[in-house]
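K.L.:
here is a sequence together with a model predicted from it:
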Amino acid sequence: MPSVLPAYASYEFMRVTSPSEFVAHLELNRLEKLNAFSRAVWLEFGRVFRQLSDDSDVRVVVLSGAGDRAFTAGLDVTAASSEGPMSGGGSDADPARKAKAWRAYIEEFQVSISEMEKCEKPVICVLHAVSLGLAIDLSCCADIRLAAKNTRFAVKEVDIGLAADIGTLARLPKIVGSTSWVKDVCLSARDFSAQEALQVGFVSQVHDDKEKTVEAALEMAARLAAKSPVAVQGTKELLNYGRENTTAASLRYTAVWNSVALQAGDTSAAMMNLFSKKKPTFEKL
């Protein structure tokens, strides 16, 4: 097993290794709680993705959960009940003040998880076994999702008395083309399988077990990491921009973006590779 990268050694709940050049493997590392999230975990999650985004030695990130039992069981309800507004502090406050505290708490959580989507590097998410609630929020922020055959998915929030509030309801309809299916799983909180997730396009590959899924993700990451980081990171940026904006606005943004990016040496290096069949090397970005 690769050792933790020194620059990431301070994290308690995030384990970051580098199984190949320019690839970071980030594992949610809270085995005793099935990788469930407390406030301390989501704050670390946001911080590690900000660091990965800025790290020129990283070009692709693979995200997985430690252990075989769960990618993540979602929110650590026990921890949540003793921190923030759920702890009951300020219970005598009026509704406006309670709402302000709740809004700040939810927004902090949202911002931390959204750092994964904002990461400039492509993120490949490996899902396996228990992948409930927050697991869907997290994986919706990934660029590519792979699943093990035993993955148990669910948008679970309705069953605990709330609407999902960390990103699933905003992102899942843009990932999956069927609004009917999205409302089916979100309103019912029912389980769905890796095969069903593949059929609707939520994941792009299903493998026999977690080990094979991680292996496939790392192989994919190594291929992406060998390409021009200017091209790869630019492609992610433009795809995400196009998802949120009109075609005309996206074409304009692409023209402005490439007016800068095409001045990089990566383009000529990649073109030379087509003719010489020599593997190009690209400078760090």
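P.N.:
Done, it's in.

K.L.:
which other helices and strands does the one helix or strand in the chain whose mean pLDDT sits lowest contact?
P.N.:
Among the helices and strands of the chain, helix 266-276 carries the lowest confidence by mean pLDDT, DSSP states H and E, at a mean of 81. In terms of contacts (3 or more CB pairs under 8 Å, 6 or more residues apart in numbering; DSSP states H and E), helix 266-276 is packed against helix 229-244. To be clear about C-beta, it is placed using only N, CA and C from the backbone, and glycine gets the same treatment.

K.L.:
I'd say S81 and L75 touch.
P.N.:
No - if you go by CB atoms under 8 Å, S81 and L75 don't touch, sitting 10.2 Å apart.

K.L.:
looking at these two, which is more packed in?
P.N.:
Neighbour totals were compared for S81 and L75, and L75 leads with 22 against 11 (other CB atoms under 10 Å).

K.L.:
for N150, see how far away that one is.
P.N.:
From L75 over to N150 the distance is 22 Å, taken as CB to CB, to the nearest Å.

K.L.:
what does V58 give?
P.N.:
29 Å.

K.L.:
for G177, which three-state class applies?
P.N.:
When classified by DSSP: H, G, I helix; E, B strand; the rest coil, G177 comes out as coil.

K.L.:
give me the neighbour count for it.
P.N.:
11.

K.L.:
find the nearest non-adjacent residue to it, please.
P.N.:
Of all residues not flanking G177 in the chain, G201 sits nearest, at 6.5 Å (CB to CB, 6 or more residues apart in numbering).

K.L.:
quick one, strands of the stretch 151-285 of the chain?
P.N.:
Counting by DSSP state E, counting those that start in this stretch, the stretch 151-285 of the chain has strands at residues 152-154, 192-193, 205-207.

K.L.:
who are the packing partners of the first one?
P.N.:
For strand 152-154, the packing partners by 3+ CB pairs under 8 Å, 6+ apart come out as strand 130-132, helix 134-140, strand 192-193, helix 194-200.

K.L.:
repeat that for the second one.
P.N.:
In terms of contacts (3+ CB pairs under 8 Å, 6+ apart), strand 192-193 is packed against strand 152-154.

K.L.:
same check, this time on the last one
P.N.:
Identification of packing neighbours for strand 205-207 by 3+ CB pairs under 8 Å, 6+ apart yields strand 144-148, helix 194-200, helix 210-225.

K.L.:
still on that earlier bit, list the contacts of the residue nearest to G177.
P.N.:
I175, V176, G177 (CB atoms under 8 Å, 6 or more residues apart in numbering).

K.L.:
please apply the same query to L162.
P.N.:
Contact criterion CB under 8 Å, 6+ apart gives no residues in contact with L162.

K.L.:
what confidence value was assigned to it?
P.N.:
The model reports L162 with a pLDDT of 93.

K.L.:
and it, backbone torsions?
P.N.:
Backbone torsions of L162, given as degrees, to the nearest 10, read phi -150, psi 170.

K.L.:
that older thread, which one of V58 and N150 is surrounded by more residues?
P.N.:
V58 (24 against 17).

K.L.:
tally of neighbours for the closest residue to that one other than its chain neighbours?
P.N.:
Leaving aside its sequence neighbours, V58 sits nearest to A24 (CB to CB, 6+ apart; 4.5 Å). Residues lying near A24 (other CB under 10 Å) number 26.

K.L.:
now for the host helix or strand of S114, which elements pack on it?
P.N.:
According to DSSP states H and E, S114 maps onto helix 95-118. Using 3+ CB pairs under 8 Å, 6+ apart, the elements in contact with helix 95-118 are helix 39-54, helix 134-140.
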